[in-house]
Every structure is written in structure tokens, then in C-alpha cells.
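**Q** need a 3D model of the sequence below.
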Amino acid sequence: MSATARRWGSRAGLVGHCARFVVFALIGVFLVRAAIQYDPHEAVGIDGALQKLAQASYGPWLLGVTAAGLIAYAVYCLVDARLRDVSANR
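**A** Numbering: from 1, shown residues only. Sure, this is the predicted structure:
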């Protein structure tokens, strides 16, 4: 792998993993909130977390940043799948 591909793949991976963390943290917050309030209808999945994020006043901006991060994660996964060495002979 070239140094440029490694550098950009690492950057895309960092941004992508941060975006995944934000999405899963939101799901965790809503899950804990549902448990505290004894309301199982408050628990949401990825779609519900992103919908609630979009409904906030700053939501469209955060949703756009999260979407860009998830796209960066997809790029990272493609780079990783293409360039990972899985040979048995090392």
C-alpha cells in the first residue's frame, strides 16, 4: 500500500469510526432514557436516533456531518477490503 493510500485510508477510518460512535452513542442515550422513564417506546434504533437528531434545531447540520462520517467509514471499509493482506504465507 502506498503512503498516500495508507494516510487517506487512516483518516477516513478515523472520521468514520467517530461517526459510528456518535450514532451508537445516541442509540445508547435513548435506550437508557427509555429504561429510566419505564417507556419502551422511547427506545429507538439507528433510524429513530437519526430522525430525532434531524428534529433538533441544529439537527440538519449534525445529520449532514454524521452522514459524511458514515460515507467516510464506507470508503475506509472499501480501502480495507481492497488492500488487506489475507494471505497465509507471510
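
**Q** pLDDT weak spots in the chain?
**A** Applying pLDDT under 70 to the chain picks out residues 1, 42-43, 90.

**Q** nearest residue to the middle of it?
**A** residue 20 (1.9 Å; CA atoms, centre = their mean).

**Q** thought that residue was touching residue 72?
**A** No - with contact defined as CB atoms under 8 Å, residue 20 does not reach residue 72; the gap is 10.0 Å. In short, each C-beta sits where N, CA and C put it, glycine included.

**Q** how about the helices in the chain?
**A** For the chain, helices defined by DSSP state H occupy the ranges 3-37, 46-55, 59-83.

**Q** for the shortest one, buried residues please.
**A** The reference is to helix 46-55. 49-50, 53 (16 or more other CB atoms under 10 Å).

**Q** which secondary structure elements does it contact?
**A** Helix 46-55 is packed against helix 3-37, helix 59-83, with contacts defined by 3 or more CB pairs under 8 Å, 6 or more residues apart in numbering; DSSP states H and E.
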